[in-house]
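Peer 1: using only what follows, build the 3D model:
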Amino acid sequence: ALKEYKAAIADYSVSININPGNAYMYNGRGYAEHQLNDSALAMADYTKAIETDSNYLIAWYNRGVAKNGYKDFNGAISDFSEIIRKDPRYADAYTGRGMAYTSLHNYNEAIANFTTAVNTDPGNAALALCQRAQTKTAMKDYTGAIEDYTLAINAVTGNTASSSPVSLAEIYNGRGAAAYKAKDVNAAIDDYTKAINTDNTCAPAYLNRGIANAGLLNYKNALSDYSNAIHFDAKNADAFYERGIVKNKLKNDTGAVNDESRAIEINPAFADAYYTRGLVKSEEKNDNDAIKDLDKAIEINPGFAAAFFNRGIAKAKLKNDNGALNDESKAIAIDPAYTDAYYNRGVIKAKEKDDSGAIIDYNKAITLNPRFTAAYYDRGVSEDALQDHAGAIKDYSKVIEIDPGFVMAYYNRGVAKGISKDDSG
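Peer 2: Residues are numbered from 1 along each chain as shown. Okay, the predicted model is just below:
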């Protein structure tokens, strides 16, 4: 295809030299340039086509599509609106304008445009229906999204006269994604499977089915799905990332690190892949390298609370308590409801003999999670250290109430009662 587009550009250029007033040639060359991702030349040629013939609507449309692709959404809206002004029956222009509105999070305008597109050309409504479904998904209207995908399926299967710009496999995959977000995992897997049965090379459907299977703890099935996604799309960073997570679950840490590394090679700005690789390295007691990966995840995403939290754990394991405290504090600053970060910070403070500070953090962790046994237990230990044996006894008793098998809570409660001369047993 690459060679064909380059050859097309050469031919269009010859034609333009012969007849520079032909809008069709500029538009054709622009389309070929667009397919080669040469945005500046494509836009220039679409614009030249429009200047040559302002009523050549396909050039307006192609320029609008290009602007959508290059994230000039307001420019796209302007081009599609000009088409609609000239020809209110141009259904694809409503679809393109709706896509631009969706990208700008103006969902109501997007829905209105997609609906007009469907009503204007109901016989070729599959793309508009799918785009409306995606917008409804963004609005968390999963029922409406599923209904639209179903209408799109019916539109494609019922229209044998013309080809659809969206494949049946893509539609099943989209409906599956909406079902998954609606927490109907079985329906989602059923749709992903239909997508795969329709097109056994549909990498996104394998990826999504893998995620659904992993959520059901069907790790072997998930692993197979991710591997199929990679087989049909070797540049699918998400598939490598997800497969790495599953390999870690299956205790294949070397495979997990390799997959996360491959995801990073494909997408060097993949913060979650650095994060996951860091966690696996930390599990392997390679905390220095883990910290490097978590550093990178934070560099890419400075608001990544979990990366700060886990970097704090790695630093604590390397006895860098000040660094650990700072990281847990940053995690809390990003997410003030981060229960485990308060707890971990409390543990580090207690280790540094700041039991009063530790108790403040344990208090917050318990407020956020009233059944946090480790926080009650460690608060009891800090209370004992501060000679508040009555408070410690209460906390150990709470631990036993929540978890009657917590042996050390009985032992510590007994010691605290002995110190405080409490004969209650």
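Peer 1: what are the boundaries of the strands in the stretch 151-300 of the chain?
Peer 2: In the stretch 151-300 of the chain, no strands are defined using DSSP state E, counting those that start in this stretch.
Peer 1: so where is it shaky, pLDDT-wise?
Peer 2: By pLDDT under 70, the weakly predicted segments of the stretch 151-300 of the chain are 160-162.
Peer 1: please enumerate the helices of it.
Peer 2: Along the stretch 151-300 of the chain, counting by DSSP state H, counting those that start in this stretch, helices occupy 168-181, 185-198, 203-215, 219-232, 237-249, 253-266, 271-283, 287-300.
Peer 1: want to throw those helices into a markdown table with mean neighbour count and distance to Pro20?
Peer 2: Heads up, the C-betas are built off the backbone N, CA and C, glycines and all. A markdown table is the format used below for those (neighbours: other C-beta atoms under 10 Å; distance: least, C-beta to C-beta, whole Å):
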| stretch | mean neighbour count | distance to Pro20 |
| --- | --- | --- |
| helix 168-181 | 24 | 40 |
| helix 185-198 | 19 | 46 |
| helix 203-215 | 24 | 43 |
| helix 219-232 | 20 | 44 |
| helix 237-249 | 24 | 44 |
| helix 253-266 | 20 | 43 |
| helix 271-283 | 23 | 49 |
| helix 287-300 | 20 | 47 |
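Peer 1: got TSV for the ones you listed, with distance to Asn369 too?
Peer 2: Formatted as TSV, the helices of the stretch 151-300 of the chain follow (distance: least, C-beta to C-beta, whole Å):
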stretch	distance to Asn369
helix 168-181	26
helix 185-198	26
helix 203-215	23
helix 219-232	28
helix 237-249	24
helix 253-266	29
helix 271-283	22
helix 287-300	24
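Peer 1: let me know which of those helices is the nearest to Phe309.
Peer 2: helix 287-300 (9.4 Å; C-beta to C-beta).
Peer 1: how distant is the closest one from the center of its chain?
Peer 2: 20 Å (C-alpha atoms, centre = their mean, to the nearest Å).
Peer 1: what helices or strands is it leaning on?
Peer 2: Packing partners of helix 287-300 (3 or more C-beta pairs under 8 Å, 6 or more residues apart in numbering; DSSP states H and E): helix 271-283, helix 305-317.
Peer 1: wait, Ile16 sits on Tyr26?
Peer 2: Yes. Shown here, Ile16 and Tyr26 form a contact pair, counting by C-beta atoms under 8 Å, at 6.7 Å.
Peer 1: neighbour count for the two, which is higher?
Peer 2: Tyr26 (26 against 17; other C-beta atoms under 10 Å).
Peer 1: return the set of buried residues in the helix or strand hosting that one.
Peer 2: Using DSSP states H and E, Tyr26 maps to helix 23-35. Within helix 23-35, the residues that qualify as buried are 23-34, counting by 16 or more other C-beta atoms under 10 Å.
Peer 1: next one: stretch 306-320
Peer 2: Buried residues in stretch 306-320 (16+ other C-beta under 10 Å): 306-316, 320.
Peer 1: closest one of the residues you listed to Ala297?
Peer 2: For these, the residue nearest Ala297 by C-beta to C-beta is Ala307; the value is 4.4 Å.
Peer 1: excluding residues flanking it in the chain, which one is nearest that closest one?
Peer 2: Ala297 (4.4 Å; C-beta to C-beta, 6 or more residues apart in numbering).
Peer 1: that neighbour: what's it in contact with?
Peer 2: 271-272, 274-275, 278, 304, 307 (C-beta atoms under 8 Å, 6 or more residues apart in numbering).
Peer 1: pretty sure Asp148 contacts Thr137?
Peer 2: No. Assessed by C-beta under 8 Å, Asp148 is found out of contact with Thr137, at 9.3 Å.
Peer 1: these two: who's more crowded?
Peer 2: Asp148 (29 against 21).
Peer 1: where does the more buried one sit, in terms of helix or strand?
Peer 2: Per DSSP H and E, Asp148 falls inside helix 142-158.
Peer 1: burial count for Ala350?
Peer 2: So Ala350, with other C-beta under 10 Å, has 21 neighbours.
Peer 1: do Ala234 as well
Peer 2: 12.
Peer 1: now the helices for the stretch 1-150 of the chain?
Peer 2: Using DSSP H, counting those that start in this stretch, helices in the stretch 1-150 of the chain cover 2-18, 23-35, 39-52, 57-69, 73-86, 91-103, 107-120, 126-138, 142-158.
Peer 1: now render those helices as TSV, adding distance to Thr198.
Peer 2: Below are these laid out as TSV (distance: least, C-beta to C-beta, whole Å):
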stretch	distance to Thr198
helix 2-18	27
helix 23-35	26
helix 39-52	32
helix 57-69	26
helix 73-86	31
helix 91-103	23
helix 107-120	23
helix 126-138	14
helix 142-158	10
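Peer 1: so for His389, which of those sits nearest?
Peer 2: helix 142-158 (54.0 Å).
Peer 1: what angle separates the closest one from helix 168-181?
Peer 2: Per axes from the mean of the first three to the mean of the last three C-alpha atoms, to 10 degrees, the angle that helix 142-158 makes with helix 168-181 is 160 degrees.
Peer 1: quick one, helix 142-158 and helix 107-120 angle?
Peer 2: Interaxial angle of helix 142-158 relative to helix 107-120 (the same axes, to 10 degrees): 30 degrees.
Peer 1: buried stuff in helix 142-158?
Peer 2: 142, 144-149, 151-153, 155-156.
Peer 1: quick one: contacts for Ser227?
Peer 2: Counting by C-beta under 8 Å, 6+ apart, Ser227 touches Arg243.
Peer 1: repeat for the one 5 residues further on
Peer 2: Shown here is Phe232, whose contacts under the criterion C-beta under 8 Å, 6+ apart are 201-203, 206.
Peer 1: likewise Arg371?
Peer 2: So Arg371 contacts Ile402 (C-beta under 8 Å, 6+ apart).
Peer 1: same deal with Ala187?
Peer 2: Shown in contact with Ala187 (C-beta under 8 Å, 6+ apart): 176, 179.
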